[in-house]
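Engineer: Just to be clear, the model below is a prediction. Sequence and coordinates:
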Amino acid sequence: MSLPAGYRLSDDKAELQVDVIHRFLAENAYWSPGIPRAIVERAIANSRCVGIYGPDGAQLAFARLVTDDATFAYLCDVFVLPPARGLGLSKAMVGFFIAHPELQRLRRWMLVTRDAHGLYSQFGFEPISEEQVGRLMQRLDPDVYRRMTA
């Protein structure tokens with residue numbers, strides 16, 4: 001995936017602008033309202049991450065992949081800040097992970113999305129079949145961050 005001129009994708013965690021990532025996840029993402037910065041930092045430390053940076057060096061996009069690097073990956077926290085949407089940045093980040101040489105033998109990739117099915121279907125993601133849905137289970141605590149800050 002090509003980026004617009006002057007934009008740069010990097011998987012160097014030292015370049016991530018954690019303030020930008022935390023602000024978006026805590027204030028704008030439907031999946032992580034109120035997430036504490038310490039949790040974001042821990043998630044980054046224990047995942048593969050990519051950021052996209054504009055010509056001025058500001059971070060404009062982020063994606064995180066939770067994986068064992070052997071059999072499974074969970075794609076999450078994919079976002080592009082509003083001023084940079086429509087430039088193909090999400091496609092570039094997902095494409096980076098899908099094409100990564102160390103991730104070519106993974107048996108299963110998963111993600112959860114409310115509104116970006118069109119993006120992910122371009123990379124082979126598809127809805128889980130009715131048969132498979134019955135096998136999936138989760139333990140969800142949607143209020144965990146609220147309790148942490150109380």
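Structural biologist: Looks like it came in fine.

Engineer: which stretches of this protein form strands?
Structural biologist: Here the chain has its strands, by DSSP state E, at 8-10, 48-53, 59-67, 72-80, 108-111.

Engineer: buried sites along the fourth one?
Structural biologist: In other words, strand 72-80. By 16 or more other Cβ atoms under 10 Å, the buried positions in strand 72-80 come out as 73, 75, 76, 77, 78, 79, 80. From N, CA and C alone the C-beta is placed, and that goes for glycine too.

Engineer: Tell me what the last one is bridged to.
Structural biologist: For residue 80, the beta-bridge partners under DSSP bridges are residue 61.

Engineer: my guess is it contacts residue 91, does it?
Structural biologist: No - in this structure residue 80 lies outside contact range of residue 91 using Cβ atoms under 8 Å: 10.0 Å.

Engineer: tell me, what's touching those two both at once?
Structural biologist: Taking Cβ atoms under 8 Å, 6 or more residues apart in numbering as the contact criterion, no residue touches both residue 80 and residue 91.

Engineer: Make CSV out of the buried residues of strand 72-80 and add pLDDT and distance to residue 10.
Structural biologist: Shown next, in CSV, are these (pLDDT from 0 to 100; distance: Cβ to Cβ, whole Å):
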residue, pLDDT, distance to residue 10
73, 98, 19
75, 98, 18
76, 98, 19
77, 98, 16
78, 98, 16
79, 98, 16
80, 98, 15
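
Engineer: hang on, the earlier thing: I'd like the strands of the chain laid out as JSON lines, including distance to residue 28.
Structural biologist: Shown next, in JSON lines, are these (distance: least, Cβ to Cβ, whole Å):
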{"stretch": "strand 8-10", "distance to residue 28": "21"}
{"stretch": "strand 48-53", "distance to residue 28": "16"}
{"stretch": "strand 59-67", "distance to residue 28": "12"}
{"stretch": "strand 72-80", "distance to residue 28": "8"}
{"stretch": "strand 108-111", "distance to residue 28": "18"}
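
Engineer: Mind checking the ones you listed for the one nearest to residue 34?
Structural biologist: Among those, the nearest to residue 34 by Cβ to Cβ is strand 72-80 (14.7 Å).

Engineer: what's the weakest-modelled helix or strand in this protein?
Structural biologist: Least confident helix or strand of the chain, by mean pLDDT, DSSP states H and E, is helix 144-149 with a mean of 82.
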